[in-house]
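[1] What shape does this take:
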Amino acid sequence: MNARTPLAALLGAVAADLGIDRKARGRAAPAAAPALIEPRETWTPELVMEVMTDAQRWAKRTGRPVGPAGYSRSRSDYRASEKDHEREGWGLPEVADPDDIPPMRVQPTPALVSRYVAALQWPADYLCPEHIGSARCLGLFTACKAYGLLIAPELKARGVARHHAYRLRDRGLSLIALGLEKDAVPVPQPERL
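    Here you go, the predicted model:
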């Protein structure tokens, strides 16, 4: 290879930047190897969709219906405690089937709740009023994913073509991801239990 060719000049420049001695004809010393560059974590549309879907699931689990409570009974059902069983000599209360005990839910941390509340607000902050169609489609997609519904019947009921809805959803996710990057919102780290 002639030293005057552009490829040789480019390889020479790269070798000089990396601190590799081209005349050694062997592998570069481990000390001369460049340090690994850690990938910078950034908001992606997929991550935005994941956080918004988790926020919808959280809202579904913790939200209560609003409005007047309506008629309720004045007396609650009596349930005997373990002390009542012991005092009356009934023995320990038995569970019909130990497998029927509902699993215990781990409550989200306050930081996670704050992230969920902010995620539910993102379409209003970054999409409205210029991209209201994207905000509506994104809300529909995240709600269907959180509730386990199929998206096709919901789109058909609203008279929206699938390809158009996916385009609106993707545009909304991209705009939210760009807005979060611009506002320097930290990327969520995986929760460790």
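[2] Pull the contacting residues for the residue lying closest to Leu155 once chain neighbours are set aside.
    Sequence neighbours aside, Ala165 is the residue nearest to Leu155 in space, at 5.2 Å (criterion: CB to CB, 6 or more residues apart in numbering). Any C-beta I mention is one placed from the backbone N, CA and C, and that applies to glycine too. Counting by CB atoms under 8 Å, 6 or more residues apart in numbering, Ala165 touches 137, 140-141, 151, 155.
[3] buried stuff in the helix or strand Ala165 falls within?
    Assigned by DSSP states H and E, Ala165 belongs to helix 162-182. Neighbour counts using 16 or more other CB atoms under 10 Å place 165, 168-173, 175-177, 179-180 of helix 162-182 among the buried residues.
[4] Tabulate the residues you listed in TSV, adding columns for distance to Tyr147.
    Putting the buried residues of helix 162-182 into TSV (distance: CB to CB, whole Å) gives the following:
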residue	distance to Tyr147
Ala165	17
Leu168	20
Arg169	16
Asp170	21
Arg171	23
Gly172	19
Leu173	19
Leu175	24
Ile176	21
Ala177	24
Gly179	26
Leu180	25
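[5] Secondary structure element for Ala55, which one?
    Using DSSP H and E, the secondary-structure element containing Ala55 is helix 45-62.
[6] Pull out the buried residues from that helix.
    If you call a residue buried by 16+ other CB under 10 Å, then helix 45-62 has these buried ones: 45, 47-49, 51-58.
[7] so which strand or helix has Thr142?
    helix 132-147.
[8] and the next element down the chain from that helix?
    Stepping forward along the backbone from helix 132-147, the first helix or strand reached (DSSP H and E) is helix 151-158.
[9] Where does pLDDT dip in the protein?
    1-5, 10, 18-40, 69-75, 95, 98, 190-193 (pLDDT under 70).
[10] Centroid-nearest residue for it?
    When the chain is reduced to its mean C-alpha position, the closest residue under CA atoms, centre = their mean turns out to be Val51, at 2.3 Å.
[11] tell me the contacts of that residue?
    115, 119, 188.
[12] Please list all residues in contact with the residue nearest to Arg57 when sequence neighbours are not counted.
    With CB to CB, 6+ apart as the criterion, Arg57 has its nearest non-adjacent residue at 4.6 Å, and that residue is Ala146. When the contact criterion is CB under 8 Å, 6+ apart, the partners of Ala146 are 53, 56-57, 60.
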